[in-house]
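In: Any chance you could fold what I've pasted below:
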Amino acid sequence: MPGILLQRLRIPPIWAGLAVGAVGVASLPSVIALAEFRLAEGTPWPFDSTNRPIRAGPYRYLRSPMQLSGVLLLVIMAVLTRQAVVAAAALITLSYNRLFSTYEYTSLEERFGQSWTMLADPQRRWTPSWRPSPNGEQARVWIDLSCDQCRPVADLLLAFHPVGLTISDAAAHPDTLVRIRYERDDGVCFDGVRAAGASLEHLHFGWAMLGWLLRTPVVWRFWQLIGDASGLGPRPSRSDSPPDRLPLGKQVDR
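Out: Purely as a prediction, here's the structure:
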């Protein structure tokens, strides 16, 4: 559908590719935000809300990721179509969302109290912070530190001083893990490529965007197949003697 639209607008192929990429980047925070609502067994609609605040995904970086995606998509459409009415729609949507976000904040504060305000108060509504909020959901990632393919993931995470993430040796997990395991305090659990993607969310906004791409619903299965084909397939985490290069359960920059 986007390709047909771009053909009708007679946009050169190189600009068409950039436009499709821009649409994907603008949509990504909204897609992951919706996925987080699904994990919390709810939707953004007030009549089907969650029973806990969403403190992960894009909400680690800004207060209104879905509204931001909507406005950015309208701006991109306005540039492509060169229609003043579409640009006006973007401005109207921005104005409406600014008013709605005030009501939304008050409603969430009444429902969730301090667990919401601690996350939302330091954040901007529309401009993402470069580093994630330390008041987001805390998590632990289990990585097989004896695995030559897995160890670089731990080294990468440590190099960027992750916020709210504990790195532990998979050999110490109660279960025998066969992939990287990511466990959040709210009960959400990912394995494999989604676990790696969720861990990148704890570094900074640039890495978070890559992490969200890796854990995009349905698409993550493709990335998992690519990883398995590249030698990152499942392998048991148990070993005779766990490595001593990283203390088990080392806490990094909470």
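In: From residue 29, how far off is residue 176?
Out: Here the criterion is Cβ to Cβ, to the nearest Å. By it, residue 176 lies 35 Å from residue 29. Any C-beta I mention is one placed from the backbone N, CA and C, and that applies to glycine too.
In: How about residue 237?
Out: 32 Å.
In: With residue 75 instead?
Out: Counting by Cβ to Cβ, the separation of residue 75 from residue 29 is 15 Å.
In: Have a look at residue 176 and residue 29 and say which one is more surrounded.
Out: Per other Cβ atoms under 10 Å, whichever of residue 176 and residue 29 has more neighbours is residue 29, with 26 against 10.
In: Quick one: mean pLDDT over whichever helix or strand residue 116 is part of.
Out: Taking DSSP states H and E as the definition, residue 116 sits inside helix 114-120. Averaged across helix 114-120, the pLDDT comes to 75.
In: just the strands in the stretch 151-254 of the chain please.
Out: Secondary structure of the stretch 151-254 of the chain (DSSP state E, counting those that start in this stretch): strands located at 165-169, 181-184, 189-191, 250-252.
In: which intervals of the stretch 1-150 of the chain have sub-threshold pLDDT?
Out: 1-13, 15-16, 46-48, 99-103, 105 (pLDDT under 70).
In: For it, just list every one of the helices.
Out: With helices called from DSSP state H, counting those that start in this stretch, the stretch 1-150 of the chain shows them at 2-8, 13-39, 65-81, 84-112, 114-120.
In: Can you report how many residues neighbour residue 109?
Out: Residue 109 has 15 nearby residues by other Cβ under 10 Å.
In: And residue 177, by the same measure?
Out: With other Cβ under 10 Å as criterion, residue 177 counts 20.
In: do the same with residue 61
Out: Residue 61 has 23 nearby residues by other Cβ under 10 Å.
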